[in-house]
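Chemist: below is the structure, and that's it, no one-letter string:
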């Protein structure tokens, strides 16, 4: 199988149907799962079983005030709200990969250093199933 790289600049990110791609510089999906110890008497090595799947999604970028669909509209004051998120790491197109899921916005930060651009950073706790079906 051939290696097919993709460039991060192609990523499309929508939150609550608002496309915030142009103001996003980085995004990361982190999946995890509970692991339970099932070791019984008489064993010399631990045994384990997988449990519930979990996930976290983070994104950050330049604070976009110039549009009504920028980061303030999508994220400010939405902490604790469940939002629909779609991330297309290879851009939009039939057969390209995507992640579609819901996440509870758990943290939203705005940083405004005196000598640089205003930036934002957000964290979501994934709730429910992540749909990784290719784009139709």
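Modeler: Received it, and whenever you're ready, just let me know what you need. As the structure is a prediction and not an experimental result, all values here were calculated from the model. Numbers count the residues shown, from 1 in each chain.
Chemist: so which helix or strand of this structure has the lowest pLDDT on average?
Modeler: Lowest by mean pLDDT, DSSP states H and E among the helices and strands of the chain is helix 71-75, with a mean of 85.
Chemist: now the next helix or strand after that helix: buried residues?
Modeler: Downstream of helix 71-75, the next assigned helix or strand under DSSP states H and E is strand 82-88. Judged by neighbour count using 16 or more other C-beta atoms under 10 Å, the buried positions of strand 82-88 are 83, 85-88. The way it works is simple: take the backbone N, C-alpha and C, and place the C-beta from them, glycine included.
Chemist: what angle do the next helix or strand along the chain from strand 82-88 and strand 82-88 make?
Modeler: For strand 82-88, the succeeding helix or strand toward the C-terminus, using DSSP H and E, is strand 99-111. Interaxial angle of strand 99-111 relative to strand 82-88 (axes from the mean of the first three to the mean of the last three C-alpha atoms, to 10 degrees): 110 degrees.
Chemist: pull up the per-residue confidence for the nearest residue to residue 47 once chain neighbours are set aside.
Modeler: Setting aside the residues directly before and after it, residue 47 is nearest to residue 38 in space (C-beta to C-beta, 6 or more residues apart in numbering), at 4.8 Å. For residue 38, the model assigns a pLDDT of 97.
Chemist: enumerate every residue touching residue 38.
Modeler: For residue 38, the contacting residues are 47-49, by C-beta atoms under 8 Å, 6 or more residues apart in numbering.
Chemist: mind listing which of the residues you listed are in helices?
Modeler: Of those, none are assigned to helices by DSSP state H.
Chemist: residue ranges with poor pLDDT in the protein?
Modeler: 1, 66-69 (pLDDT under 70).
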